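S.K.: Sequence unavailable; structure follows:
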Ligand code: 5GP
Ligand code: MN
């Protein structure tokens with residue numbers, strides 16, 4: 001039996017809001033990953049089915065701030081997602097006229113870029129389902145469980161509690177994708193036995209886990225793999241005293257490998273394979289937006305065990321995240337970003 005995580009009053013309130021709404025928008029974070037897309041599409045399929053079965057004249061739409069990687073484009077329903085960066089004209093009225101917003105896999109409207117302002121302008125009820133620390137207060141019903149493996153796990157639990165045995169193949173596939181990607185194919189945040197009971201139920205609903213693994217992890221371009229090799233062979237610097245590896249990539253280097261969103265996904269985890277590396281940091285330069293002077297340097301932080309990186313990310317690089325997986329940013333040159341990193345890491349990273 002899967003343990004019950006949610007208060008029944010919370011679930012009843014979420015159910016009431018979903019059933020009373022006619023036009024629902026589902027939001028997820030910038031640079032959507034498997035959990036963001038999985039939780040959003042699971043919810044999208046489920047609400048679509050529910051509206052149909054209850055003969056509700058309504059709509060449900062997923063809005064992502066920017067595009068999702070090619071390795072998630074096979075997901076059923078992904079072709080119906082409204083991508084704000086390229087289609088704000090279509091997304092704006094849908095967001096403004098919705099009578100319910102559902103926010104998945106982010107804890108702060110700032111994490112969804114310009115979409116966050118549009119979301120706040122509409123004062124309709126909002127449901128937040130997320131597993132990041134310290135959610136901002138902007139939703140009327142909050143399911144915030146930082147100990148959960150993924151937002152997909154939370155969505156599964158909610159759907160199961162509202163309507164047991166409701167899993168269609170599309171819903172189950174979307175949920176499995178997020179469970180798999182947010183745990184590194186069940187190699188971290190994945191010791192809760194409930195997870196494997198959930199997976200058993202997803203398999204019973206017809207999920208082909210081997211196919212999903214293949215679709216997500218084995219469809220890279222040659223450029224992407226070469227970029228990974230280049231990172232490890234040419235770009236990885238080791239700071240042994242602090243068990244730290246750092247990889248930095250300039251925009252020019254990325255262009256050489258015809259970089260596409262998602263191409264560096266997972267690269268930051270690779271140095272952790274080295275026996276005495278416990279911290280890994282990746283810096284990636286994005287060219288300056290028109291009208292702005294500085295490039296953006298995107299930071300990814302990873303660590304193992306009792307070595308938090310989220311405080312370093314928050315205090316030095318305006319970011320945050322989980323204890324062992326965080327992100328941040330810096331506006332300026334790649335060299336300036338690197339200098340800031342080198343000046344500060346000894347204060348935040350442990351030597352043992
Ligand atoms: P990634 O390195 O995969 O981009 O991000 C790892 C984790 O850090 C994600 O789960 C995300 O929630 C968090 N994160 C990434 N970038 C930021 C950021 O700029 N601000 C905050 N608060 N969290 C971030
Ligand atoms: Mn997640």
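M.R.: Everything's here; your move. If you're wondering where the values come from, they're calculated on a predicted model, not measured in any experiment. Residues are numbered from 1 along each chain as shown. Ligands and ions are numbered 1, 2, ... in the order given.
S.K.: Around ligand 2, pick out the residues from this structure.
M.R.: Contact residues (Cβ under 5 Å from the ion) of the chain with ligand 2: 35, 105, 151, 182. Every residue, glycine included, has its C-beta placed from N, CA and C.
S.K.: and if we set it to 8 Å?
M.R.: Residues of the chain lying close to ligand 2 (Cβ under 8 Å from the ion) are 33, 35-36, 39, 105, 130-132, 150-152, 178, 182.
S.K.: which helices and strands does the helix or strand containing residue 47 pack with?
M.R.: Using DSSP states H and E, residue 47 sits in helix 34-53. Here helix 34-53 touches helix 8-20, strand 23-28, strand 59-64, strand 100-104, helix 151-162, helix 169-182, going by 3 or more Cβ pairs under 8 Å, 6 or more residues apart in numbering; DSSP states H and E.
S.K.: JSON lines for those, including mean pLDDT, distance to residue 226 and mean neighbour count?
M.R.: Below are those laid out as JSON lines (pLDDT from 0 to 100; distance: least, Cβ to Cβ, whole Å; neighbours: other Cβ atoms under 10 Å):
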{"stretch": "helix 8-20", "mean pLDDT": "97", "distance to residue 226": "46", "mean neighbour count": "15"}
{"stretch": "strand 23-28", "mean pLDDT": "98", "distance to residue 226": "30", "mean neighbour count": "25"}
{"stretch": "strand 59-64", "mean pLDDT": "98", "distance to residue 226": "28", "mean neighbour count": "23"}
{"stretch": "strand 100-104", "mean pLDDT": "98", "distance to residue 226": "34", "mean neighbour count": "27"}
{"stretch": "helix 151-162", "mean pLDDT": "97", "distance to residue 226": "31", "mean neighbour count": "24"}
{"stretch": "helix 169-182", "mean pLDDT": "98", "distance to residue 226": "23", "mean neighbour count": "26"}
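S.K.: Find the closest residue to ligand 2 in the stretch 251-352 of the chain.
M.R.: Per Cβ to the ion, residue 322 is where the stretch 251-352 of the chain lies closest to ligand 2, at 8.7 Å.
S.K.: distance of that residue from residue 140?
M.R.: Noted for residue 322: a distance of 25 Å to residue 140, by Cβ to Cβ, to the nearest Å.
S.K.: one step back: ok, of the residues of the chain next to ligand 2, which one's closest to residue 221?
M.R.: residue 33 (18.3 Å; Cβ to Cβ).
S.K.: What are the phi and psi values at that closest one?
M.R.: Backbone torsions of residue 33, given as degrees, to the nearest 10, read phi -110, psi -170.
S.K.: what about the strand or helix carrying residue 345 and ligand 1, any contact?
M.R.: Residue 345 is part of helix 334-348, with elements assigned from DSSP H and E. No - using Cβ under 6 Å from any ligand atom, we find that helix 334-348 stays clear of ligand 1, coming within 13.4 Å at best.
S.K.: So which bits of that helix are buried?
M.R.: 334, 337, 338, 340, 341, 345, 348 (16 or more other Cβ atoms under 10 Å).
S.K.: and the gap between the second one and residue 230?
M.R.: Pointing back at residue 337 there. When residue 337 is compared with residue 230 (using Cβ to Cβ), they lie 19 Å apart.
S.K.: same deal with residue 166?
M.R.: 46 Å.
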